[in-house]
Every structure is written in structure tokens, then in C-alpha cells.
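Chemist: Got a predicted model here, sequence first, then my questions.
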Amino acid sequence: MQNLVEAAARGAVNEAQIQQLARILVRIAKTRETPLLVVLRDMHSASPAVQKALLQLFLRLRDEGWGNVRFLIEARRDHNSTGLTGLEYISSVAEQLGQNFRAIDIRPLTLEELHAALRPHFRSPNFDETTRQLHHLTAGYPLLVDQLLRDLLVRAVIIKIGTKPDRYAIDSNALKGLRLERVAPQLELFLRGRIERASLSTNEGIMAASLGIIAQTLRVTPEGVPKSLVVDLIAAGLGATGEQVDECLDLLTSLNFLRPEDAGRAVGFTHEATRSTAADFARSNIGFLRVVRRIANSNVLPQILGRFRSDLLQAYLALEIGQAGEAVRLALSAEASVAETGNLIQRRLALECAVDALSKKRPADAAWAVTNSRYASASFGP
């Protein structure tokens, strides 16, 4: 299935390939006592070419007799794009082809929706608190909820206590203090795979650079990153057009990696787990490294972010390319720009970066001790 989707995205799929895949699916399904379930994720971002290829596959399967083949289609109803996409498209197909299809909306669940979804299957001494903790850990994203519950079941934090329907017991106290990326060790591989698959249908360098710039900028602007800043920096670093960057950001938003920019907030990651995975992916990509190296020659940062945030962001970016000495200089410059304002939070941020850079440069350096002392003073008082 993945090969078909990738080939369709490149415009390299033909009728013979579709017919062959349909026959393989039916053949496999006939050997099973239970239905063969095929899950298609993120259909809201499928291109018209991919949609056409899948529809041809569905029609061919119908002609082959379906057998025990079932399709579960995951899409976001609230995704805005051109053409017939998402659940509207899939629902129209399902109506024509019958019970072999089920489409589900994968937008983030509200706390009330998560509560209603889990209530029939869980017994907990404090179910309301358990649901709140699960929602806090996953931000309501169904894929993250699924990954977390699977891992908690393996770890016996969740215990199966009944069947028909399946029922489970969970203690809300066992969830306190958990972080999703630590609880579900396979989550990073799962998310990394989604990024890598997405890179096949866009410019990988632009995508990696966008993810890296957003991840690093959030360290100095935790409230979010202006989309215009991302576009300007990628354009300066890679020569990309604003349209190319916009298309990439739209794709990452459709994959639930980025939350959409709206009137109330700027671009940011949907979850700490997606931020961490995105930063790691960008770190190993030459496109991101090229942007980092060229940003120093751009006047975009000071104009948009001001001196403190501009210097601190460039310090973090210098660390990304191994320029620890330059990172120290920029971080201390950022700290100096707010030293007289009495803003301990900003001083702490800058000095923390300087300490980190010095520890990589020369841990025994006297400057490290001095800077570390200033960091401690900014953190806890003289």
C-alpha cells in the first residue's frame, strides 16, 4: 500500500500495478479467518493523484470480490485544502462501496470526547482524573492516545479485566509525573517514520529546515513562531519561495506535527514529542545546516525578534553546527542586553545557553565557572 501511495504521488502508478495489488490483498484475505485490515493514515493530505489511485484500487477490489479486506481511513475533517479531500472524499467513497470501509476523524479530541470514548472500557477509582491526565499527556491526539495506552498495557499499568467488550483497570496515581516520550519508547520511531514518509512528497531540505528553525525558535519564543519568520529564514538560507515553504508548513500541519497559525497564536508543535522528533530529524539534514550557516548574514532576526531573542536564537543555532565559542559570545551578548532590566527569566535563559556551550567547548575553562556562578545567581538570587 505504501509503495502504491508513493508511486501515485510521483505520478508513476499504472492500472497493472493497481490490479496486482488488489489481487494480492484478496489472496491474503482469503487465507485468514479474521478480516485483513488496511489502515490509511492522514488521508486529508492526500493529493488528487493519490486519491485517484486509491479510488481505482477500491473499484478493482470490488470487482475482485473484496473477500475479508477492510479499510480504516484516518483523516481530519477540519483540514482545509483544495479539491475533494479528507473525510468528505472518503465518506463519498464509503457510501458507494459499502461496509468494507470505515472513516474516522483524527482531529484532537476534547477532554469530554476522550472521556466518552474511554468510559465504556475502563474502570478506575478516579476515572475523571485519569482521563484528564491522559488528555494532558497526549493533547487529545488519537494517535498519541493509542500509542500511550498500548505501552501502558505492556507495562501492566493498565490491566485487562474482561472481554466482550474489552474492559481494563487503570490507577490514576500511576500516571502522575509521566511524560509521553518516556512512557512510550516506540513513539519516537513512529513519529520519525511519519516525517520521513512525508518528506517523499515535498522538498526534504525545506521541510527539515522548517522543523529545525521552528524547534529552535520556540526555545526563545515559547508562545509560538511567526509564520513569516519561518518563510523569511528558509528563503534566506535555501533560496526557497514563500509558496514552497507555505506548502511544506501546510503538509506538516495536516500531519498533526504543527498546530495551525491563527489570529490568536503563532506556529508551534502539537506536542513535546513531535517537537523533539522534529528537532532530531532536522539536526541530521543538510538543508537545516545550510540555513543555520546563512542566517548569520541575514538581518531578518533582529528586525523581527529584537536583540535579546535574536542573539539567543543565533547562539542556539551556533551550537547546532558545533560553534561553541560563537554560541557563548552570542548568549552572553543576549544576557548583557537585558542585564539592566532586572528580567531574571531572560537572563537565566541566556546564561543557561552559555553554560551549555561552555561545557561543550572546555568544561574546565575558568569562564565556565564564572558563567555558571552568574547562572546560579540569576536562578536563585545572590
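Modeler: Nice, I can see it.
Chemist: Please enumerate the helices of the stretch 251-382 of the chain.
Modeler: 272-283, 286-295, 300-320, 324-338, 344-361, 366-380 (DSSP state H, counting those that start in this stretch).
Chemist: Mind putting these into a markdown table with distance to P108 and mean neighbour count?
Modeler: Quick note: C-beta positions are derived from backbone N, CA and C, even for glycine. Shown next, in a markdown table, are the helices of the stretch 251-382 of the chain (distance: least, CB to CB, whole Å; neighbours: other CB atoms under 10 Å):
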| stretch | distance to P108 | mean neighbour count |
| --- | --- | --- |
| helix 272-283 | 12 | 21 |
| helix 286-295 | 27 | 20 |
| helix 300-320 | 28 | 20 |
| helix 324-338 | 35 | 21 |
| helix 344-361 | 29 | 20 |
| helix 366-380 | 35 | 15 |
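Chemist: Figure out which of those helices is closest to G140.
Modeler: helix 272-283 (13.4 Å; CB to CB).
Chemist: Using PDB, list the CA coordinates for that closest one.
Modeler: Provided in PDB are the C-alpha atoms of helix 272-283 (Å, rounded to 0.1, in the frame of the first residue of the first chain):
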ATOM      1  CA  GLU A 272       6.600  18.000  23.100                       C
ATOM      2  CA  ALA A 273       7.000  14.500  21.500                       C
ATOM      3  CA  THR A 274       6.600  16.000  18.000                       C
ATOM      4  CA  ARG A 275       8.900  18.900  18.800                       C
ATOM      5  CA  SER A 276      11.700  16.500  20.000                       C
ATOM      6  CA  THR A 277      11.300  14.200  17.000                       C
ATOM      7  CA  ALA A 278      11.300  17.100  14.600                       C
ATOM      8  CA  ALA A 279      14.500  18.700  16.100                       C
ATOM      9  CA  ASP A 280      16.300  15.400  15.800                       C
ATOM     10  CA  PHE A 281      15.200  14.900  12.200                       C
ATOM     11  CA  ALA A 282      16.400  18.400  11.300                       C
ATOM     12  CA  ARG A 283      19.700  18.100  13.000                       C
END
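Chemist: what is the orientation angle of it with helix 300-320?
Modeler: 80 degrees (axes from the mean of the first three to the mean of the last three CA atoms, to 10 degrees).
Chemist: helices or strands next to helix 272-283 in the packing?
Modeler: Using 3 or more CB pairs under 8 Å, 6 or more residues apart in numbering; DSSP states H and E, the elements in contact with helix 272-283 are helix 180-183, helix 187-199, helix 204-217.
Chemist: thinking again about what came up before, export the helices of the stretch 251-382 of the chain to CSV and tack on mean pLDDT and distance to L40?
Modeler: CSV is the format used below for those (pLDDT from 0 to 100; distance: least, CB to CB, whole Å):
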stretch, mean pLDDT, distance to L40
helix 272-283, 84, 21
helix 286-295, 82, 29
helix 300-320, 83, 36
helix 324-338, 86, 44
helix 344-361, 79, 43
helix 366-380, 53, 49
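Chemist: possible to save those helices as TSV with distance to Y141?
Modeler: What follows is the helices of the stretch 251-382 of the chain, written out as TSV (distance: least, CB to CB, whole Å):
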stretch	distance to Y141
helix 272-283	9
helix 286-295	25
helix 300-320	27
helix 324-338	34
helix 344-361	28
helix 366-380	34
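Chemist: re the thing from before, let me know which of the helices and strands packed on helix 272-283 is tucked in deepest.
Modeler: helix 204-217 (a mean of 25; mean count of other CB atoms under 10 Å).
Chemist: Walk me through the domains of the protein.
Modeler: Split into domains by automatic domain parsing, the chain comes to 2-105, 111-185, 189-380.
Chemist: Mean pLDDT lowest where, among these?
Modeler: The weakest mean pLDDT among the domains of the chain belongs to domain 2-105, with a mean of 70.
Chemist: Quick one, which of the helices and strands packed on helix 272-283 gets closest to A116.
Modeler: Nearest to A116, of the helices and strands packed on helix 272-283 and by CB to CB, is helix 180-183 at 21.5 Å.
Chemist: rewinding a little: would you mind putting the helices and strands packed on helix 272-283 into CSV with distance to L37 alongside?
Modeler: Converted to CSV, the helices and strands packed on helix 272-283 look like this (distance: least, CB to CB, whole Å):
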stretch, distance to L37
helix 180-183, 25
helix 187-199, 18
helix 204-217, 30
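Chemist: Of those, give the one that comes closest to H135.
Modeler: helix 180-183 (11.5 Å).
Chemist: At which residues are the strands of the stretch 51-200 of the chain located?
Modeler: 69-75, 101-105, 122-123, 158-162, 167-170 (DSSP state E, counting those that start in this stretch).
Chemist: Can you tell me which of these is most buried?
Modeler: The highest mean neighbour count among those, using mean count of other CB under 10 Å, belongs to strand 69-75: a mean of 20.
Chemist: Which strands or helices does it pack on?
Modeler: Going by 3+ CB pairs under 8 Å, 6+ apart, strand 69-75 lies up against helix 15-30, strand 36-40, helix 86-97, strand 101-105.
Chemist: next one: the longest one to chain centre, how far?
Modeler: Think helix 15-30. 33 Å (CA atoms, centre = their mean, to the nearest Å).
Chemist: same for that helix, what does it pack against?
Modeler: helix 2-9, strand 36-40, helix 48-64, strand 69-75.
Chemist: swap in the second one?
Modeler: With contacts defined as 3+ CB pairs under 8 Å, 6+ apart, the secondary structure elements packing on strand 36-40 are helix 15-30, strand 69-75.
Chemist: need those in CSV with distance to P260, can you?
Modeler: What follows is the helices and strands packed on strand 36-40, written out as CSV (distance: least, CB to CB, whole Å):
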stretch, distance to P260
helix 15-30, 34
strand 69-75, 16
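Chemist: residues in contact with the closest residue to K360 other than its chain neighbours?
Modeler: Residue nearest to K360 in three dimensions, not counting chain neighbours: A324, with 4.7 Å by CB to CB, 6 or more residues apart in numbering. When contacts are counted by CB atoms under 8 Å, 6 or more residues apart in numbering, A324 touches 318, 357-358, 360-361.
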